[in-house]
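Q: Just a sequence and a predicted model for now, questions to come.
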Amino acid sequence: MTVRLVILGLLHKRPLYGYEIKQIIEEHMGDWTSIAFGSIYFALDKLADEKFIDKVDVEQEGKRPSRSVYQISDTGREEFLRLLRESWQQVERQYFSIDICLFFLEALPLDEVKNFLRLRQKTLQTMLGYIQSHRDEQMAIPEVPRLALAIFDHTLVHTQAELNWVTDLLQKMESGEYP
């Protein structure tokens, strides 16, 4: 549903071709959504088949491949609003692969697990630094809406919480409280 919501939302603003959609997702949404390049074109075809979007033009520059320009249809606008309202009401439970690792902790030597946790700690610290600097870069761009700060803050809060949890877990393992 995320891919559909994003594409319809972007087309809700103006007609775009697939590569423009890909660029917007990579440049402005890449920190908080994971939409694969191939899924964009699959979703565009599906949305067109379902009459939520229309192919309004095919452009070609020189010897470059042609590109289709899409715009949202009236039923697509309704679908976008339906998906948006539905998403606002969803509270998603997160599942973490590290919890499975903890369940099978005893299969590995404890020192190896501690090293994995230290590495995870460093990775999360690096992620926090990147997200903070990228947030500052993006927020300096006048076209980026002020509300984007809330999206970055949401990601930062979750990443910081994960770092706090990993740090606490590692301390408990090193003190002998776990396992």
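A: Alright, I've got the coordinates.
Q: And the residue nearest to the spatial centre of the chain, its phi and psi?
A: The residue lying closest to the centre of the chain (C-alpha atoms, centre = their mean) is T33, at 0.9 Å. Backbone torsions for T33, taken as degrees, to the nearest 10, come to phi -150, psi 150.
Q: so what's it closest to, chain neighbours aside?
A: Among residues not flanking T33 along the chain, T2 sits closest, at 6.4 Å (C-beta to C-beta, 6 or more residues apart in numbering). The C-beta positions use only the backbone N, C-alpha and C, and glycine is treated the same way.
Q: Provide the count of other residues in contact range of that neighbour.
A: 14 (other C-beta atoms under 10 Å).
Q: okay, and for the chain, where does confidence drop off?
A: Applying pLDDT under 70 to the chain flags the ranges 1.
Q: what are the ranges of the strands in it?
A: Under the criterion DSSP state E, the chain contains strands at 16-17, 53-59, 67-72.
Q: Other residues contacting stretch 171-179?
A: L105, E106, L110, V113, K114, L117, L169 (C-beta atoms under 8 Å, 6 or more residues apart in numbering).
Q: between those residues, which is nearest A140?
A: L117 (35.0 Å; C-beta to C-beta).
Q: Tell me how many other residues crowd that closest one.
A: Quick note: L117 (other C-beta under 10 Å) scores 19 neighbours.
Q: ok, it touching V166?
A: Yes: counting by C-beta atoms under 8 Å, L117 touches V166, with 5.8 Å between them.
Q: Out of the strands of the chain, which one sits most buried?
A: Comparing these by mean neighbour count (mean count of other C-beta atoms under 10 Å), strand 16-17 comes out on top with a mean of 20.
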